[in-house]
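Asker: got a predicted structure plus its sequence, pasted below:
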Amino acid sequence: MKLKKFGGTEQKIYDLVKPITDELGYYLWDVCYVKEGAAWYLRIFIDCDEGITIEDCEKVTEPVNKLLDEKDPIPQSYTLEIGSAGLERELLKEEHFEVCEGDKVRIRFIRSIDGEKEIAAYLKGADKNEITVCDEEENEKKYLLSDIAFVKLWFDFE
């Protein structure tokens, strides 16, 4: 796994949208600009401590849509989607790991490590090369990001 670096378009959109989300009281989790089939999608993921509702997405959509129409930073047509980062969101950037320290995460490895393909543990920290987690007994373990397919927040639905 590599920490996400924005492409030029994503960074441009992030920089435009962040003041809006900050002003409205939301955390801008991620910006994705992807092509699926023949269509382009601009996906903006937001979060806040109370969780995200459809009304929150609508509240962000109006000013973001207006700003994007005004600035026109993307030459081709695209579909704008604004949504929640989700309960079991993927941690993609260094700041995601910082914000989620102490939370339980699910780590899927590219290949089995110590006989495990996937583990759940508490996030202690991360840097550009490795992640540090601990189990229920506070036993720390470090894993190289290059051995990891993904890290997601883990929510126990039981």
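Answerer: Perfect, thanks for sending it.

Asker: and the closest residue to K124 other than its chain neighbours, what element?
Answerer: Spatial nearest neighbour of K124, chain neighbours left out: T132 (4.2 Å); criterion: C-beta to C-beta, 6 or more residues apart in numbering. To be clear about C-beta, it is placed using only N, CA and C from the backbone, and glycine gets the same treatment. Assigned by DSSP states H and E, T132 belongs to strand 130-134.

Asker: which elements pack onto the lowest-mean-pLDDT helix or strand in the chain?
Answerer: The helix or strand of the chain with the poorest confidence is helix 94-99; it has a mean of 91 (mean pLDDT, DSSP states H and E). The contact analysis (3 or more C-beta pairs under 8 Å, 6 or more residues apart in numbering; DSSP states H and E) places helix 94-99 against strand 116-126.

Asker: any stretches of this protein with poor pLDDT?
Answerer: Filtered on pLDDT under 70, the chain yields the residue ranges 1-2, 4-6, 158.

Asker: can you give me the helices for it?
Answerer: 8-24, 54-71, 94-99 (DSSP state H).

Asker: so what's the gap between the first one and the chain middle?
Answerer: The one in question is helix 8-24. 14 Å (C-alpha atoms, centre = their mean, to the nearest Å).

Asker: likewise the last one?
Answerer: Distance, stretch centre to chain centre, for helix 94-99: 9 Å (C-alpha atoms, centre = their mean).
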